[in-house]
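> curious how this folds, go ahead:
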Amino acid sequence: MHRVSEPAILYFGTPVVLVGSRNRDGSPNLAPISSAWWLGWSCMLGFGARSETPQNLERERECVLNLPSVDQVAAVDRLARLTASDPVPEHKLRMGYRHEREKFAAAGLTADRADLVDAPRVRECPVQLEAVVAGVHRLEAGDPSRRGSLVGIEVKIVRVHLEESILMEGHDDRVDPEKWRPLVMSFCQFFGLTGKIHRSRLGEIPESAYRPRVAVPAAAAARSLTSTT
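Residues are numbered from 1 along each chain as shown. Prediction:
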């Protein structure tokens, strides 16, 4: 039996991402989001348009997507109601946010330099994805009450850093899903994985079948995208 419903949010369960970027003054910024999905080496990120991070991405055209595991949940939670925006937007004040410029220190995390972009990696995160902005998409443009409030930012991954502990035995380019324990947010609550529960027919397809036929070197891809923006 189903019932027509209107939930306030539709966070049915997505991985948490700590987006590393640079503020206008050059200081590092770190923002937790749970609106992200991937196709190949492309990723779409969802933000409230008035937040500091999407403005950083539009201006600097680069970022690092740091994926925490369940082991970093306390650090992620410490970032939950911090914002680099000053003054703090009224709607965030009402939700208990406060201004914090030193987010890495506040979370107890360590900023590392990236290889190809000028944005911070999070040392403690097992997955770190350097990325450049490929497109900016305004959402809810047809709704006068919501126009300008949401933005989707498409990024292209140009370099991947994986902690050795999550790699599949005998491989340096495959993540072992039995070892990787992503932190997931579902309806604003933190969850992890509980292990395999059923055979996967998709899992029987060799992972190499998904690799693009023409591989573009990461550095070349980064130069190509940044030169056109």
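> CA only for contacts and neighbour counts going forward, please
Will do.
> show me where the protein has helices.
Here the chain has its helices, by DSSP state H, at 52-60, 73-79, 90-94, 103-107, 218-227.
> what's the burial count for Ser16?
For residue 16 the amino acid is Val, not Ser. Neighbour count for Val16, taken as other Cα atoms under 10 Å: 26.
> any chance you could map the strands in the chain?
Under the criterion DSSP state E, the chain contains strands at 14-15, 17-22, 28-33, 36-39, 42-48, 62-67, 82-83, 98-99, 111-112, 121-122, 127-138, 150-162, 184-186, 189-191.
> quick one: closest of these to Met168.
strand 150-162 (11.0 Å; Cα to Cα).
> what does the closest one rub up against?
41-49, 54, 115-116, 126-140, 218-219, 221-222 (Cα atoms under 8 Å, 6 or more residues apart in numbering).
> next one: stretch 58-69
With Cα under 8 Å, 6+ apart, stretch 58-69 has contacts from 15-22, 57, 114, 117-122, 124-133, 136, 180-183, 226, 229.
> now mean pLDDT, distance to Pro7 and mean neighbour count too, for the strands of the chain, in TSV please.
Shown next, in TSV, are the strands of the chain (pLDDT from 0 to 100; distance: least, Cα to Cα, whole Å; neighbours: other Cα atoms under 10 Å):
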stretch	mean pLDDT	distance to Pro7	mean neighbour count
strand 14-15	92	17	20
strand 17-22	98	23	26
strand 28-33	96	19	24
strand 36-39	94	20	13
strand 42-48	96	18	18
strand 62-67	98	27	28
strand 82-83	93	25	24
strand 98-99	94	26	16
strand 111-112	98	37	14
strand 121-122	98	33	26
strand 127-138	97	23	21
strand 150-162	96	18	20
strand 184-186	93	13	20
strand 189-191	94	15	14
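> now render these as TSV, adding distance to Arg211.
Shown next, in TSV, are these (distance: least, Cα to Cα, whole Å):
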stretch	distance to Arg211
strand 14-15	22
strand 17-22	23
strand 28-33	27
strand 36-39	11
strand 42-48	13
strand 62-67	21
strand 82-83	38
strand 98-99	42
strand 111-112	29
strand 121-122	25
strand 127-138	17
strand 150-162	14
strand 184-186	26
strand 189-191	30
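> deepest-packed of the helices of the chain, please.
helix 52-60 (a mean of 19; mean count of other Cα atoms under 10 Å).
> tell me how far it lies from the chain's centre.
Remark: helix 52-60 is offset 14 Å from the chain centroid, using Cα atoms, centre = their mean, to the nearest Å.
> let me see the mean pLDDT of it.
Summarised as a single mean, pLDDT over helix 52-60 is 97.
> can you tell me how far the closest residue to Pro182 other than its chain neighbours sits from Ser27?
In space, and not counting its chain neighbours, Pro182 is closest to Ser69: 4.4 Å by Cα to Cα, 6 or more residues apart in numbering. Applying Cα to Cα, to the nearest Å, the value for Ser69 to Ser27 is 25 Å.
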